[in-house]
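Quick one: sequence and predicted model below, then my questions.
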Amino acid sequence: MNDQSWAQGGCPVVHGGDTTRLYGPDAATDPHTIYAQLRQDHGSVAPVLLEGDVPAWLVLGYREIRRVLDNPSHFSRDSRIWRDFNKGLVDATSPLMQMVGWRPDCVSQDGEPHRRLRGAVTDNLYAVAGRGIRRHAAHFANQQIDAFAEAGRADLVEDFAEYLPMLALTRVFGLAARDGRSLAESSKQVIKGGADALTHNEHIMTILGELAARKRADPGSDFTSGLIEHHSGLDEDEVVNHLRLVLITAHTTTSNVLARTLQLILTDTDWLSGLISGRLNLSTVVEEVMWNSPPLAVLPGRFATADTELGGCPVKEGDLLVLGLAAGNHDPEIRPDAGVSVRDNASHLAFSAGPHECPAQNIGAAIIETAVDVLLHRLPGLRLAVPPQKLTSTASTWESRLDCLPVEFPI
């Protein structure tokens, strides 16, 4: 896409006529600098290019993000109204379609269709949350720790946070634990994007399609069977696509927050001592992480249902908007001093908001709290093995993930 993509009503582009890309080497290493520059150049809404040079509006302002999330009649999740896709300017095989393309799931729809499908998801998430999710998380946390406990050192990303949530979810879904690692890797690649995103998505869909077929023939007390048997009457495609939705989002967001929570308590002694002494509970630590490092830095995608104005920008009917949750959480209009702790403030954007707010928050919290409790109990004296400033992250368009978290502990 070139600058003419914005000629019919977009905000002016800068940097010598080049619209800022939310992908590539610069975005992978320092996305917050890009957000800050965009805010300085454009304000709370900025024109950007997504993977494949697909144009979109990046919403950076906290209030503007809430306006979009709270008004699905003006900013729909239904990508079938996406003008550039309908004009053939975005290919159906684009890696972006794994994140913004329409599917027969609740995230892709609004109104009554959304309520019917979301009801099936939330009813069954509440059911499984009370059916041993903490027990499953504790079992796999101990199993992961057993693999490195005698070594006296580990990488808590690769050896712990990267796979633990998916292993717990295999029990919730009625999957075999042996599928956990490949599903975790494929989920990560779908969100990362790139040429292999479609292949990894097909891998996930194949496993989940086989799972749904097994559970139709032999149901059990699991999330999959609950979806199949729900009174909303989900068809086969709806069941498999909701399994995909919950699996990918629940695992990738929970693994990301788990790694960031461990990073915070191991790099700030006040947080760790507060947990150990009982002055703080873990939910307070997690809220801090949600403000500073939300698991999805950018939320896909919303589509304008009519010409409108947002943050001073003339958004046109059919435009794609993506929501900068990390940028919104650091919006100086609502958080003038980003270095100050936001303890006991849950008004962050990490779970989205409005009708599409994340319904799996309790499951993610249960896995994270259980995993950290088990880890600190099993490995007293756990400490960071490198200076905090040596820790690095790598970002895609949608998220920023901690690369590694080397630790050591007495044996």
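That came through, no problem.

Give the buried residues for the helix of greatest length in the chain.
Identified as the longest helix of the chain according to DSSP state H is helix 236-267. Within helix 236-267, the residues that count as buried by 16 or more other Cβ atoms under 10 Å are 238-266. C-beta: built from backbone N, CA, C; applies to glycine.

and what of stretch 59-74?
Applying 16+ other Cβ under 10 Å to stretch 59-74 flags 59-62, 64-69, 72 as buried.

Please read off the pLDDT at the residue most central in space within the chain from the model.
Among the residues of the chain, residue 296 comes closest to the average C-alpha position under Cα atoms, centre = their mean, at 3.7 Å. Note on residue 296: pLDDT of 96.

from what I can see it touches residue 401, true?
No - counting by Cβ atoms under 8 Å, residue 296 does not reach residue 401; the two are 11.0 Å apart.

Can you lay out the buried residues of stretch 59-74 as JSON lines showing pLDDT and secondary structure?
Converted to JSON lines, the buried residues of stretch 59-74 look like this (pLDDT from 0 to 100; DSSP: H, G, I helix; E, B strand; the rest coil):
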{"residue": "59", "pLDDT": "98", "secondary structure": "strand"}
{"residue": "60", "pLDDT": "98", "secondary structure": "coil"}
{"residue": "61", "pLDDT": "98", "secondary structure": "coil"}
{"residue": "62", "pLDDT": "97", "secondary structure": "helix"}
{"residue": "64", "pLDDT": "98", "secondary structure": "helix"}
{"residue": "65", "pLDDT": "98", "secondary structure": "helix"}
{"residue": "66", "pLDDT": "98", "secondary structure": "helix"}
{"residue": "67", "pLDDT": "98", "secondary structure": "helix"}
{"residue": "68", "pLDDT": "98", "secondary structure": "helix"}
{"residue": "69", "pLDDT": "98", "secondary structure": "helix"}
{"residue": "72", "pLDDT": "96", "secondary structure": "coil"}
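
can you name the two of the residues you listed that are farthest apart?
The span of the buried residues of stretch 59-74, defined through Cβ to Cβ, is set by 60 and 72 at 20.3 Å.

Wasn't residue 144 part of a strand?
No - counting by DSSP: H, G, I helix; E, B strand; the rest coil, residue 144 is not part of a strand but helix.

how about the helices of the stretch 1-150 of the chain, start to end?
For the stretch 1-150 of the chain, applying DSSP state H, counting those that start in this stretch gives helices covering 25-29, 31-42, 62-70, 83-86, 97-100, 111-129, 133-146.

hmm, who's touching stretch 91-110?
Stretch 91-110 is contacted from outside by 50-52, 54, 72-73, 76-80, 82, 90, 113-114, 117-118, 121, 190-191, 193-195, 197-198, 201, 235, 237-238, 241-242, 244-245, 300-301, 320, 322, 355-356, 398, using Cβ atoms under 8 Å, 6 or more residues apart in numbering.

What part of this protein, helix or strand, is modelled with the least confidence?
helix 269-277 (a mean of 86; mean pLDDT, DSSP states H and E).

That one - contacts with which helices or strands?
The helices and strands touching helix 269-277, judged by 3 or more Cβ pairs under 8 Å, 6 or more residues apart in numbering; DSSP states H and E, are helix 236-267, helix 282-292, helix 361-378.

Local confidence estimate at the nearest residue to residue 66 once chain neighbours are set aside?
Excluding its sequence neighbours, the residue lying closest to residue 66 (Cβ to Cβ, 6 or more residues apart in numbering) is residue 353, at 6.0 Å. Looking at residue 353, its pLDDT reads 94.

wait, what's in contact with residue 353?
Listed by Cβ under 8 Å, 6+ apart, the contact partners of residue 353 are 65-66, 69-70.

Check residue 367 too.
Counted by Cβ under 8 Å, 6+ apart, residue 367 has contacts 133-134, 137, 164-165, 168, 254, 258.

do the same with residue 324
For residue 324, the contacting residues are 35, 58-60, 65, 297-298, by Cβ under 8 Å, 6+ apart.

Next one: it from residue 95, what distance?
Distance, residue 324 to residue 95, by Cβ to Cβ, to the nearest Å: 19 Å.

do the same with residue 193
4 Å.

Over to residue 273?
Where residue 95 is concerned, residue 273 sits at a distance of 43 Å (Cβ to Cβ).

And the two? Which one has more around it.
residue 95 (24 against 12; other Cβ atoms under 10 Å).

Tell me the pLDDT of residue 6.
42.

now residue 193
88.

Start at 48, not 1
Happy to do that; since the first residue is 48 now, the last one works out to residue 240.

if I pick it, what's in contact with it?
70, 98, 142-143, 145-146, 443-445.

can we see that at 10 Å?
Contacts here follow Cβ atoms under 10 Å, 6 or more residues apart in numbering; on that basis residue 240 touches 70, 97-99, 141-143, 145-146, 443-445.

Next: residue 317.
So residue 317 contacts 326-327, 388 (Cβ under 10 Å, 6+ apart).

between the least confident helix or strand of the chain and helix 283-314, how big is the angle?
Relative orientation of helix 316-324 and helix 283-314, computed by axes from the mean of the first three to the mean of the last three Cα atoms, to 10 degrees: 100 degrees.

I'd like the distance between residue 108 and residue 127.
Computed as Cβ to Cβ, the residue 108 to residue 127 distance reads 27 Å.

For residue 369, give me its contacts.
Counted by Cβ under 10 Å, 6+ apart, residue 369 has contacts 69, 95, 97, 103-106, 115, 143, 146-147, 345-349, 444-445.

Could you pull up the mean pLDDT of whatever helix or strand it lives in?
If you go by DSSP states H and E, residue 369 is part of strand 367-371. Mean per-residue pLDDT for strand 367-371: 98.

cool, and stretch 157-172?
On average, stretch 157-172 scores 95.

Restricting to C-alpha, output that stretch in CSV.
Extracted in CSV, the C-alpha atoms of stretch 157-172 (Å, rounded to 0.1, in the frame of the first residue of the first chain):
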residue,chain,number,x,y,z
ASP,A,157,-21.9,-8.5,17.5
GLY,A,158,-25.5,-8.2,18.8
GLU,A,159,-27.6,-11.3,19.2
PRO,A,160,-25.3,-13.7,17.3
HIS,A,161,-22.5,-12.6,19.6
ARG,A,162,-24.6,-13.1,22.7
ARG,A,163,-25.7,-16.6,21.7
LEU,A,164,-22.2,-17.8,21.0
ARG,A,165,-20.5,-16.0,23.9
GLY,A,166,-23.1,-17.5,26.3
ALA,A,167,-22.0,-21.0,25.3
VAL,A,168,-18.4,-20.1,25.9
THR,A,169,-18.9,-18.3,29.2
ASP,A,170,-21.2,-21.0,30.6
ASN,A,171,-18.6,-23.7,30.0
LEU,A,172,-15.6,-21.6,31.1
